[in-house]
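>>> The following block contains a protein sequence and its predicted model.
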Amino acid sequence: MRPINSKPTSRFLSDKNFESVFGNPPTIATRAPGRINLIGEHVDYQDGLVLPAAIDRYICGSARAISGPEVRLWSSLGGDTVVVPLDQTAPLIGRNRWANYVFGVVAKYRDAGHPVVGFEAAFDGNLPLGVGLSSSAALESATALIVEALAGITLAPTDRALLCQAAEHDWAGVPCGIMDQLVINAGIDGHALKIDCRSLEIQPAPLPPNLAIVVADSKVHHSLADGEYAKRKADCENATHALGLASLRDLDIDRLRASRQVFRRARHVVTEISRVKNFSAALDAGNISTLAALMAASHDSLRADYEVSCKELDALVEIAVELGTHGSRMMG
Ligand code: ADP
Ligand code: MG
């Protein structure tokens, strides 16, 4: 994986599909990368700090305006073209559910008062879906770029990210944080981004040019819709209320230690945020051995305190460390 930004390419995978599905060449082609996260896992929805990077795999969309008040959506994933009236207000159900990631974005631009027009679009890409590389936010962002191009507007990356996140919440039904949409829209070649998920401030973090980032798929499937993600989020909110805080961002580790109840979920969030700070400082200083220790501590915390790992992931991390990587941890 190579960290990149979202530069257009000359010929998109989705262009040819568009022509064969809709009978005309597209007038617009957009591309949005997937992302990895070096450290800062499960903290974006608690206003935390994260350190993700956009990567050289992407979802792309090819499109053309139509005169009717509807959008016609096709994906290389298979299935028929999904037709949605521009004034639709309820999420799609059944086989067409994937189109919520697309139409939800259209609806959010519409509801924010942007001049949305009808269009046809075909989506394709080389980013694996549902494996934690954020194809959902990439699909939303490729859609947002289509909507903007057709409306003749360009939103700031942060504003675009917020509309995409709102679409994922309200149309796809996934209560995600802002990290994925932000790094996908603001990624910089050769850099990770240190993102403050409370202020939405973004600091580019240059990566050593000889650093290789390797992503391994455990092939153990999870679904964000299966409720575990929402449960972790609720656990954090319960801890927040019990401690009388606005978010866990405001909790320091001494206060957590002093509290009678052991808030393991909260402890993960608090220690992970502090690991992001230390990781970013170690990256600046070129201190690779510290990066490795922090990644190991992050994995342990996700396994023991947050309970989102599994034996296959634990084994993969162990093998990667034995093979001599600079650091390894679960992601996604
Ligand atoms: P991740 O974001 O880690 O890839 P998610 O479960 O959040 O995993 O999102 C995956 C879902 O996004 C897919 O099940 C599908 O509904 C939708 N999706 C992503 N890319 C595409 C695509 N190219 N075509 C159709 N649907 C897609
Ligand atoms: Mg996703």
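Nice, I can see it. Ligands and ions are numbered 1, 2, ... in the order given.

>>> The residue in the stretch 51-200 of the chain that ligand 2 sits nearest to - how many residues pack around it?
Nearest residue of the stretch 51-200 of the chain to ligand 2: residue 136, at 3.2 Å (CB to the ion). Quick note: C-beta positions are derived from backbone N, CA and C, even for glycine. Residue 136 has 24 neighbouring residues, counting by other CB atoms under 10 Å.

>>> and residue 84, what element?
Residue 84 belongs to strand 82-85 when assigned by DSSP states H and E.

>>> Tell me the secondary structure at residue 193.
Three-state call for residue 193 (DSSP: H, G, I helix; E, B strand; the rest coil): strand.

>>> so who does residue 332 touch?
With contact set as CB atoms under 8 Å, 6 or more residues apart in numbering, residue 332 has these partners: 37, 131-133, 222.

>>> swap the cut-off to 10 Å and go again
By CB atoms under 10 Å, 6 or more residues apart in numbering, the contact set of residue 332 is 36-37, 41, 130-134, 215, 217-218, 222, 224, 308, 313.

>>> and those residues near ligand 2, which?
For ligand 2, the contacts drawn from the contacts of residue 332 by CB under 5 Å from the ion are residue 134.

>>> which ones among the contacts of residue 332 come in contact with ligand 1?
Applying CB under 6 Å from any ligand atom to these, one finds that 130-134, 224 fall near ligand 1.

>>> mind listing which of these are in strands?
Using DSSP state E, no member of those falls within strands.

>>> who wins for most neighbours among the residues you listed?
residue 134 (29 neighbours).

>>> Could you give the number of residues near the closest residue in space to that residue that isn't next to it in sequence?
Distances taken as CB to CB, 6 or more residues apart in numbering place residue 180 nearest to residue 134, at 4.2 Å, with adjacent residues excluded. Using other CB under 10 Å, residue 180 has 29 other residues around it.

>>> for residue 180, helix, strand, or coil?
Reduced to three states by three-state DSSP, residue 180 is helix.

>>> For it, give me its contacts.
With contact taken as CB under 10 Å, 6+ apart, residue 180 is in contact with 34-35, 37, 44, 50, 52, 54, 132-138, 140-141, 161, 164-165, 168.

>>> Check the gap between the residue nearest to residue 201 when sequence neighbours are not counted and residue 230 for me.
Nearest non-adjacent residue to residue 201, counting by CB to CB, 6+ apart: residue 195, 7.4 Å away. Using CB to CB, to the nearest Å, residue 195 is found at 22 Å from residue 230.

>>> Counting neighbours, go ahead and name the busier of those two.
A count of neighbours by other CB under 10 Å puts residue 195 above the other of residue 195 and residue 230, at 28 against 14.

>>> That one pairs with what?
Residue 195 has these beta-bridge partners by DSSP bridges: residue 50, residue 202.

>>> these two touch, right, it and residue 184?
No: the criterion here is CB atoms under 10 Å, and residue 195 misses it with residue 184 at 11.5 Å.

>>> Mutual contacts of the two, please.
52, 161.

>>> Skipping its backbone neighbours, what lies nearest residue 280 in space?
residue 194 (5.1 Å).

>>> now swap in residue 45 and tell me
Spatial nearest neighbour of residue 45, chain neighbours left out: residue 177 (4.0 Å); criterion: CB to CB, 6+ apart.

>>> can you pull the contacts of that neighbour?
42-48, 50, 165, 168, 195, 197, 233 are the contacts of residue 177 under CB under 10 Å, 6+ apart.

>>> Then it would be within a strand, right?
No: counting by three-state DSSP, residue 177 is not found in a strand; it is coil.

>>> Which pLDDT value belongs to it?
In this prediction, residue 177 carries a pLDDT score of 93.

>>> What of the one 4 residues further on?
If you check residue 181, the pLDDT there is 98.

>>> Distance of it relative to residue 108?
11 Å.

>>> and what of residue 253?
Relative to residue 108, and taking CB to CB, residue 253 is found at 37 Å.

>>> Compare those two (neighbour count), which wins?
Taking neighbours as other CB under 10 Å, residue 253 and residue 108 compare with residue 108 leading, 25 against 13.

>>> wait, doesn't that one sit right on residue 144?
Yes: counting by CB under 10 Å, residue 144 is a contact partner of residue 108 at 8.6 Å.

>>> okay, and the common contacts of the two?
163-164, 167.

>>> Make JSON lines from the residues you listed and add neighbour count to it.
As requested, those are exported to JSON lines (neighbours: other CB atoms under 10 Å):
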{"residue": "163", "neighbour count": "25"}
{"residue": "164", "neighbour count": "32"}
{"residue": "167", "neighbour count": "29"}
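
>>> okay, those residues in a markdown table with secondary structure next?
As requested, the shared contacts of residue 108 and residue 144 are exported to a markdown table (three-state DSSP):
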| residue | secondary structure |
| --- | --- |
| 163 | helix |
| 164 | helix |
| 167 | helix |
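
>>> Now do the contacts for residue 323.
residue 214.

>>> Tell me how far it lies from residue 55.
21 Å.

>>> With residue 40 instead?
Taking CB to CB, one finds residue 40 at 16 Å from residue 55.
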